[in-house]
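Asks: With the sequence up front, the predicted model follows.
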Amino acid sequence: MRQAVAHPKAALGVSERRACSIIKADRKSVRYRSYRQPDMALRERLLALAYRAATVRLSPAVFVLLRREGEPSGKNRIYRLYRQEGLTVRKRLSRRRSIGTRAPILIETRECLQTIPDTLISGRRVARELTALIARRGRPAMIVSDNGMEFTSAAILAWT
């Protein structure tokens, strides 16, 4: 915008007010000068933190480290500088799959022996409930479950 206003001023000798009205620019935006300090020190610190260790290459972690050092900038500004420096956020790894081989279900009849209504069920609680169920009904020939986190946890693997 500033260059578009500067050209008619220099070439045609018109005033700034006239040049701004020709190109429909606001005079305040043409005259505005930023008082913000350059980002060079912050960029250097950002690069130093990002390359210090492989585990610190995520922008949220770098933001937290900068905040601990007293940097007042917000996370959006840090992320913008992070991206401008050519750093990238690592892709999330795929979640762990259940361990073991898949076997086809041999029996077509299924039975729901117990339902636990709750908002959050841990693997330890599932193992405890299965132990109580086996004590009541006996050991089943097969248990079929989905791949939910409570069924693929270390507690269930230890229980089996």
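Replies: Cool, the structure landed.
Asks: can you tell me how far I23 sits from V5?
Replies: I23 sits 6 Å away from V5, going by CB to CB, to the nearest Å. C-beta: built from backbone N, CA, C; applies to glycine.
Asks: Repeat that for M142.
Replies: 78 Å.
Asks: now do V126
Replies: On the measure of CB to CB, V126 and V5 end up 69 Å apart.
Asks: When these two are compared, which one has more neighbours?
Replies: In terms of neighbours (other CB atoms under 10 Å), V5 is the more surrounded of V126 and V5; the figures are 22 against 19.
Asks: so the more buried one is in which element?
Replies: helix 2-12 (DSSP states H and E).
Asks: who does the following helix or strand past that helix touch, helix- and strand-wise?
Replies: Downstream of helix 2-12, the next assigned helix or strand under DSSP H and E is helix 16-23. Secondary-structure packing of helix 16-23 (3 or more CB pairs under 8 Å, 6 or more residues apart in numbering; DSSP states H and E): helix 2-12, helix 27-31.
Asks: Would you reformat those helices as a markdown table and include mean pLDDT?
Replies: Shown next, in a markdown table, are these (pLDDT from 0 to 100):
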| stretch | mean pLDDT |
| --- | --- |
| helix 2-12 | 89 |
| helix 27-31 | 90 |
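Asks: Any chance of the ones you listed in CSV with distance to A41 as columns?
Replies: Listed next are the helices and strands packed on helix 16-23 as CSV, based on distance: least, CB to CB, whole Å:
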stretch, distance to A41
helix 2-12, 26
helix 27-31, 28
